[in-house]
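Participant: Dropping the sequence and predicted coords here.
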Amino acid sequence: MYGIPDADPKAYEVDYLITPAPGGSDDIANLWPQSYSSTVWNARVKDALEGRLRDLVCRGYLDLATAQREIATDWIAAYKKCFRTQSPDPQ
């Protein structure tokens, strides 16, 4: 699965690099497998960031282009900046 040997399909989600809400597409270049639990920086943590960025954009605190660039460039750095922490909140 996804070129990951012995991968359990339930352990991954096909994730958007940039979600559709802030303008991401269904193009294969915008999709990638992300583990739910392989590291502390996992799919659930990125989902929390996506929600936070969507909220900031909708409230006018962050422009869409910046949100897209930050999540596409380094989503972990974007999480640290948005949540003002060096590690993800416990899930």
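Facilitator: Perfect, I can see it now. Residues are numbered from 1 along each chain as shown.
Participant: From now on I want contacts and neighbour counts done on CA atoms only, so please keep to that.
Facilitator: OK.
Participant: For the longest helix seen in the chain, name the packing helices and strands.
Facilitator: For the chain, the helix that runs over the most residues, judged by DSSP state H, is helix 64-83. If you count contacts as 3 or more CA pairs under 8 Å, 6 or more residues apart in numbering; DSSP states H and E, helix 64-83 packs onto helix 43-58.
Participant: If you count neighbours, what's buried in the helix it packs on?
Facilitator: A43, R44, V45, K46, A48, L49, E50, R52, L53, R54, L56, V57 (16 or more other CA atoms under 10 Å).
Participant: which one among these gets closest to R69?
Facilitator: R69 has its nearest neighbour among the buried residues of helix 43-58 in L53, at 11.3 Å by CA to CA.
Participant: does that closest one really touch A67, like I thought?
Facilitator: Yes - L53 is within contact range of A67, at 6.3 Å (criterion: CA atoms under 8 Å).
Participant: Can you name the residues that contact the residue nearest in space to the middle of the chain?
Facilitator: Nearest to the mean C-alpha position of the chain, by CA atoms, centre = their mean, lies K46 at 3.5 Å. Neighbour list for K46: W75, I76, Y79 [criterion: CA atoms under 8 Å, 6 or more residues apart in numbering].
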